[in-house]
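Asker: here are the coordinates; sequence isn't available:
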């Protein structure tokens, strides 16, 4: 079913200025539908499975494991077997029976390069016209060992997939048009936020299958909502950000609705039906009297709240579609179609709040990215930033104050740390203040830490993903291919 080219896509590994960080393309997998892959994400909800990732494209959601590689960019059977055993029964490929084909006609020896990407599960939607655009991992609210994948796409239906039982857990209906992005609350694994072409943002509880909050209306978006992200301290401030085709960026707060979110965790539309909130099935009860009693009860409706106004809104950052936004502490990173990512600070306080004033602190410039719906990524600890372009190149930056991004393979010099025009090293605190320690304006354009390119990849990279230890950079392209780069820098 899958094509795994020998040698992992061959030559063209990326190199960093100064030789501090070096990534090489060690593998690639082309899904057999050969249609665009729009979304990719690592499992950041369970660090035992931090090397597991998912992709979405066409009407398919696929789950993979990225095996460890050696410093020379190779892997061995021993490596693969060890990683497979360590992953646990929840991700057992043997139980899933997902066939793959390798391009090697004969089994290679352990000294030869092996495929480093293993397909674990594949889900195919029942609607032949579905095209998935986004995905995110979470876990069961009662059992952390049960991973869940949420996916959304063109038909506006969110599928909640149980990766432990390999079954569809539920489907969330409500959006009138395509779902462009889904995000799990950083501290509440049952709360899912979605952004749609219908100009609305919706907060769902996937555990009880309830619609908790709808953000739309007078102060909402005037066109398709393309991207969303939770503030890392959303548990305290309830904030998330959204952006879209109306060139607007909006910050919302659900802090006033904490009690409602709490209520959604235990809501049961059928009273004495299952505590999971599943629809009652007559076949679940053999007693005719009890069955008739339950059937006579009408399901109650959850008191969904409607929020029409954000706490901050601006159109002053970009002059075209905004297709990706992410929180960086209390700052924001956002991207339009002009081949640059901006780091900026919203003015959420004082008399200028209503004007939507912002301060652009930094530009990450790259080239050949004038297409929309190309999304960047950050690693979970916000050390590195990565994006692809329309010709298959990926750019990786060390973000402010991280000294080469830290983590696996990072250098120890200050060469990649953010600097002012006078050459002084800047910190994240300087950026938050909006000025350097010497009072200079902070806008500047750092060079990428590394550019990743292979001769075999010449199509747009729609989305990227960075592993939690910075050892893996993934990108998905227009022809259904996953490209894997691994950090092979010396210790």
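Answerer: Yep, it's here. Everything numeric here is computed off the predicted structure, so don't read it as measured data. Numbers count the residues shown, from 1 in each chain.

Asker: now the helices for the stretch 251-400 of the chain?
Answerer: For the stretch 251-400 of the chain, applying DSSP state H, counting those that start in this stretch gives helices covering 258-266, 288-296.

Asker: For those helices, which has the smallest mean pLDDT value?
Answerer: Mean pLDDT is lowest for helix 288-296 among the helices of the stretch 251-400 of the chain, at a mean of 44.

Asker: which ones are touching residue 386?
Answerer: For residue 386, the contact set (Cβ atoms under 8 Å, 6 or more residues apart in numbering) comprises 376, 377, 378, 394, 395, 396, 397, 464, 465, 466, 473. Glycine gets a C-beta too; all of them are placed from N, C-alpha and C.

Asker: Can I get these in JSON lines including distance to residue 155, neighbour count and pLDDT?
Answerer: As requested, the contacts of residue 386 are exported to JSON lines (distance: Cβ to Cβ, whole Å; neighbours: other Cβ atoms under 10 Å; pLDDT from 0 to 100):
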{"residue": "376", "distance to residue 155": "26", "neighbour count": "25", "pLDDT": "98"}
{"residue": "377", "distance to residue 155": "25", "neighbour count": "23", "pLDDT": "98"}
{"residue": "378", "distance to residue 155": "29", "neighbour count": "20", "pLDDT": "98"}
{"residue": "394", "distance to residue 155": "30", "neighbour count": "28", "pLDDT": "98"}
{"residue": "395", "distance to residue 155": "33", "neighbour count": "27", "pLDDT": "97"}
{"residue": "396", "distance to residue 155": "34", "neighbour count": "25", "pLDDT": "97"}
{"residue": "397", "distance to residue 155": "36", "neighbour count": "26", "pLDDT": "96"}
{"residue": "464", "distance to residue 155": "25", "neighbour count": "25", "pLDDT": "98"}
{"residue": "465", "distance to residue 155": "24", "neighbour count": "23", "pLDDT": "98"}
{"residue": "466", "distance to residue 155": "30", "neighbour count": "24", "pLDDT": "98"}
{"residue": "473", "distance to residue 155": "31", "neighbour count": "26", "pLDDT": "98"}
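
Asker: State the pair within those residues that is farthest apart.
Answerer: Pairwise distances across the contacts of residue 386 peak at 15.3 Å for 397 and 465 (criterion: Cβ to Cβ).

Asker: In what element of secondary structure is residue 171 found?
Answerer: strand 167-172 (DSSP states H and E).

Asker: So what touches that strand?
Answerer: 123, 148, 157-162, 192, 194, 204, 206, 209, 211, 278.

Asker: Narrow those to those that are buried.
Answerer: Using 16 or more other Cβ atoms under 10 Å as the burial test, the contacts of strand 167-172 include 123, 148, 157-161, 192, 194, 204, 206, 209, 211, 278 as buried.

Asker: sorry, back to before: what pairs with the strand holding residue 171, and is each one parallel or antiparallel?
Answerer: strand 158-162 (antiparallel) (DSSP bridges).

Asker: How far does the strand it pairs with sit from its chain's centre?
Answerer: Relative to the centre of its chain, strand 158-162 is centred 16 Å away, using Cα atoms, centre = their mean, to the nearest Å.

Asker: Check stretch 49-59 too.
Answerer: Distance, centroid of stretch 49-59 to centroid of chain: 10 Å (Cα atoms, centre = their mean).

Asker: Kindly check the end-to-end length of that stretch for me.
Answerer: 25 Å (Cα to Cα, to the nearest Å).

Asker: Would you indicate which residues of that stretch are buried?
Answerer: For stretch 49-59, by 16+ other Cβ under 10 Å, it's 49, 50, 51, 52, 53, 54, 55, 56, 57, 58, 59.

Asker: And residue 22, what's its pLDDT?
Answerer: So, for residue 22, pLDDT stands at 88.

Asker: hey, what's it bridged with?
Answerer: So, taking DSSP bridges as the rule, residue 22 has residue 15 as bridge partners.

Asker: Pretty sure it sits against residue 486.
Answerer: No - Residue 22 is beyond contact range of residue 486, at 9.7 Å (criterion: Cβ atoms under 8 Å).

Asker: Mind jotting down where the strands sit in the stretch 301-450 of the chain?
Answerer: Taking DSSP state E, counting those that start in this stretch as the criterion, the stretch 301-450 of the chain contains strands spanning 305-307, 312-314, 324-328, 331-335, 340-346, 358-365, 377-378, 384-388, 394-398, 450-452.

Asker: Can I get those strands in CSV including distance to residue 30?
Answerer: Listed next are the strands of the stretch 301-450 of the chain as CSV, based on distance: least, Cβ to Cβ, whole Å:
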stretch, distance to residue 30
strand 305-307, 42
strand 312-314, 41
strand 324-328, 25
strand 331-335, 27
strand 340-346, 28
strand 358-365, 29
strand 377-378, 21
strand 384-388, 16
strand 394-398, 17
strand 450-452, 18
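
Asker: Most widely separated two among the buried ones among the contacts of strand 167-172?
Answerer: The widest separation within those (Cβ to Cβ) is 23.2 Å, between 123 and 211.

Asker: what's residue 463 in contact with, if anything?
Answerer: 37, 38, 39, 40, 374, 375, 377, 388, 475, 476.

Asker: That one - that's part of a strand, no?
Answerer: Yes - assessed by DSSP: H, G, I helix; E, B strand; the rest coil, residue 463 belongs to a strand.

Asker: Find me whatever residue is spatially closest to it, sequence neighbours aside.
Answerer: residue 375 (4.6 Å; Cβ to Cβ, 6 or more residues apart in numbering).

Asker: cool, residue 466 as well?
Answerer: Spatial nearest neighbour of residue 466, chain neighbours left out: residue 379 (4.1 Å); criterion: Cβ to Cβ, 6+ apart.

Asker: The one you found against residue 464, yeah?
Answerer: No - using Cβ under 8 Å, residue 379 is not in contact with residue 464, being 10.5 Å away.

Asker: quick one on the thing from earlier: quick one: which of residue 22 and residue 486 has more around it?
Answerer: Of the pair residue 22 and residue 486, residue 486 is the one with more neighbours under other Cβ atoms under 10 Å, namely 28 against 19.

Asker: re the thing from before, mind picking the two most distant members of the contacts of strand 167-172?
Answerer: Taking Cβ to Cβ as the measure, the contacts of strand 167-172 span a maximum distance of 23.2 Å, between 123 and 211.

Asker: Compute the inter-axis angle for the helix or strand just after the strand holding residue 171 and strand 167-172.
Answerer: Remark: after strand 167-172, the chain's next helix or strand is strand 179-184, criterion DSSP H and E. Strand 179-184 runs at 110 degrees relative to strand 167-172, counting by axes from the mean of the first three to the mean of the last three Cα atoms, to 10 degrees.

Asker: Okay, now the sheet partners of strand 179-184, with direction.
Answerer: strand 191-196 (antiparallel).

Asker: and the strand it pairs with with helix 258-266, angle?
Answerer: Taking the same axes, to 10 degrees, one finds strand 191-196 and helix 258-266 inclined to each other by 100 degrees.

Asker: Give me the residues contacting strand 191-196.
Answerer: Here strand 191-196 makes contact (Cβ under 8 Å, 6+ apart) with 136, 138, 150, 152, 156, 158, 172, 175-185, 201-206, 212, 224-228, 230, 240, 242, 244, 261, 264.
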